[in-house]
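Enquirer: Below is the structure, and that's it, no one-letter string:
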């Protein structure tokens with residue numbers, strides 16, 4: 001039998017609308033997530049302005065992709081899983097990238113130097129988003145095998161919380177500043193003021209990075225729910 005005519009194909013598409021390849025779209029979106037956090041780690045290592053711009057550029061790409069996918073979702077006649085779940089996947093993948101952008105923008109604009117705590121959290125998050133990427137890659141052809149990746153990502157907040165608490169403990173250790181003030185050492189007041197300002201800046205930076213970890217964990221939970229639905 002010859003190939004179907006364009007008219008027949010169009011008629012069939014109207015009767016049986018094609019389902020957009022959301023699995024492929026989500027995998028592509030998760031690849032952008034992994035790319036963003038790889039760039040974040042490099043920024044936390046180097047602290048260079050050009051590296052901050054790279055994270056910002058990736059977030060802009062992610063925002064554009066998210067908007068395109070939401071438009072596609074709204075226009076889709078049917079979806080390979082619940083429409084609400086597709087929406088949650090799309091938004092949960094983008095949210096950590098947005099928080100990563102805010103973190104590097106603040107660090108860059110406020111002149112906050114990189115430190116080991118921020119780098120440690122960034123490396124932990126990169127590992128978690130790579131797990132998410134692998135999970136979304138496996139989702140269409142073998143959903144059950146994606147669950148381990150989803151669970152791994154959903155537990156990232158446990159490690160992030162520990163590092164976050166250590167970071168705050170180190171940040172609020174002002175014993176040396178107090179001793180200098182009590183001894184009326186030269187320049188102690190100026191240094192104490194600088195220390196207070198640095199505490200305020202870094203506290204805000206840690207807060208955004210900590211939020212990233214929570215959002216990645218939420219994205220892992222979303223993926224786990226999808227796996228349960230499809231398996």
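Expert: Arrived safely, thanks for sending. Please read these numbers as outputs of a predicted model, since none were measured by experiment. Numbers count the residues shown, from 1 in each chain.

Enquirer: can you point me to the longest helix in this structure?
Expert: Longest helix in the chain by number of residues (criterion: DSSP state H): helix 188-230.

Enquirer: burial of residue 42, as a residue count?
Expert: Residues lying near residue 42 (other C-beta atoms under 10 Å) number 17. C-beta: built from backbone N, CA, C; applies to glycine.

Enquirer: Local confidence estimate at residue 189?
Expert: Reported pLDDT at residue 189 in the predicted model: 74.

Enquirer: What of the one 10 residues further on?
Expert: Looking at residue 199, its pLDDT is 87.

Enquirer: quick one: average pLDDT of stretch 120-135?
Expert: Per-residue scores along stretch 120-135 average to 97.

Enquirer: Name the residues that touch stretch 157-171?
Expert: Identification of contacts with stretch 157-171 by C-beta atoms under 8 Å, 6 or more residues apart in numbering yields 115, 117-118, 120-121, 124-125, 199, 202-203, 206, 209-210, 212-214, 216-217.

Enquirer: about what we covered before: who are the packing partners of the longest helix of the chain?
Expert: helix 83-110, helix 116-138, helix 147-154, helix 156-171, helix 175-182 (3 or more C-beta pairs under 8 Å, 6 or more residues apart in numbering; DSSP states H and E).

Enquirer: any chance of those helices in TSV, plus distance to residue 53 and mean neighbour count?
Expert: Shown next, in TSV, are the helices and strands packed on helix 188-230 (distance: least, C-beta to C-beta, whole Å; neighbours: other C-beta atoms under 10 Å):
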stretch	distance to residue 53	mean neighbour count
helix 83-110	8	21
helix 116-138	17	23
helix 147-154	27	21
helix 156-171	25	17
helix 175-182	34	12
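
Enquirer: Dump those helices into JSON lines; add distance to residue 192 as well.
Expert: Output for the helices and strands packed on helix 188-230, formatted as JSON lines (distance: least, C-beta to C-beta, whole Å):
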{"stretch": "helix 83-110", "distance to residue 192": "19"}
{"stretch": "helix 116-138", "distance to residue 192": "22"}
{"stretch": "helix 147-154", "distance to residue 192": "41"}
{"stretch": "helix 156-171", "distance to residue 192": "15"}
{"stretch": "helix 175-182", "distance to residue 192": "5"}
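
Enquirer: and of the ones you listed, who's closest to residue 71?
Expert: Closest to residue 71 of those is helix 83-110 (C-beta to C-beta; 10.7 Å).

Enquirer: Show me what the closest one is packed against.
Expert: helix 22-46, helix 49-75, helix 116-138, helix 188-230.

Enquirer: Off-centre distance for the first one?
Expert: Read it as helix 22-46. 8 Å (C-alpha atoms, centre = their mean, to the nearest Å).

Enquirer: Now do the buried residues in that helix.
Expert: Under the neighbour-count criterion of 16 or more other C-beta atoms under 10 Å, helix 22-46 has 22-23, 25-27, 29-44 buried.

Enquirer: Contacts only, for residue 32.
Expert: Applying C-beta under 8 Å, 6+ apart, we find residue 32 in contact with 58, 61-62, 65, 93, 97.

Enquirer: And the pLDDT for residue 179?
Expert: 66.

Enquirer: Might you report the residue contacts of the most centrally placed residue in the chain?
Expert: Residue closest to the average C-alpha location in the chain (C-alpha atoms, centre = their mean): residue 96, at 2.6 Å. Counting by C-beta under 8 Å, 6+ apart, residue 96 makes contact with 33, 36-37, 125, 129, 212, 215-216, 219.

Enquirer: Cool, thanks, talk later.
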